[in-house]
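In: My questions are about this predicted structure, shown below with the sequence.
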Amino acid sequence: MRVNIYSQELICEPNDTDATIAVELVAQKVEELDLTYSGVRLYLHSSERLHAVPGDDDRSAITFWLPKTPERREMFARSLEELASLVREASPENGLD
């Protein structure tokens, strides 16, 4: 599966160079199995109309559900660090911010 996300879809102010992209640590408890899954979430821009009901967060997001073992979590973290390195090394493009 391939998911394409354009940088313009990331939540941040377009002209604010100090702005950050909205991310958070999330957890999902499965009561029947007595398990809790952890993940990291990257929010995407979505219409304010989706947030009309207080307490119902229906924003678009990408959630990476984390592996259980410390070794696999470290492997995933290293992959994200490598991704950040590639972002910094990529040649400038003509496009939209």
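Out: Yep, it's here. Residues are numbered from 1 along each chain as shown.
In: can you dump the C-alpha coordinates of stretch 30-46 into PDB?
Out: These are the backbone C-alpha positions of stretch 30-46, laid out as PDB (Å, rounded to 0.1, in the frame of the first residue of the first chain):
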ATOM      1  CA  VAL A  30      -8.800  -3.200  24.100                       C
ATOM      2  CA  GLU A  31     -10.700  -4.200  27.200                       C
ATOM      3  CA  GLU A  32     -11.600  -7.700  26.000                       C
ATOM      4  CA  LEU A  33      -8.000  -8.600  25.500                       C
ATOM      5  CA  ASP A  34      -6.500  -6.500  28.300                       C
ATOM      6  CA  LEU A  35      -4.100  -4.900  25.800                       C
ATOM      7  CA  THR A  36      -3.100  -1.400  25.200                       C
ATOM      8  CA  TYR A  37      -1.700  -0.400  21.800                       C
ATOM      9  CA  SER A  38       0.500   2.700  21.500                       C
ATOM     10  CA  GLY A  39       1.000   4.800  18.500                       C
ATOM     11  CA  VAL A  40       2.300   8.100  17.200                       C
ATOM     12  CA  ARG A  41      -0.100  10.400  15.200                       C
ATOM     13  CA  LEU A  42       0.600  13.000  12.600                       C
ATOM     14  CA  TYR A  43      -2.300  15.300  12.000                       C
ATOM     15  CA  LEU A  44      -3.300  16.500   8.600                       C
ATOM     16  CA  HIS A  45      -5.200  19.600   7.500                       C
ATOM     17  CA  SER A  46      -9.000  19.100   7.500                       C
END
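In: Go ahead and name everything in contact with that stretch.
Out: Counting by Cβ atoms under 8 Å, 6 or more residues apart in numbering, the neighbours of stretch 30-46 from elsewhere in the structure are 5, 8-11, 21-29, 58-66. The C-beta positions use only the backbone N, C-alpha and C, and glycine is treated the same way.
In: which SS state does R59 fall under?
Out: For R59, the secondary structure call by DSSP: H, G, I helix; E, B strand; the rest coil comes out as coil.
In: Excluding chain neighbours, what is closest to it?
Out: Spatial nearest neighbour of R59, excluding adjacent residues (Cβ to Cβ, 6 or more residues apart in numbering): S46 at 5.1 Å.
In: what about that neighbour, neighbour count?
Out: Burial of S46 is recorded as 14 neighbouring residues (other Cβ atoms under 10 Å).
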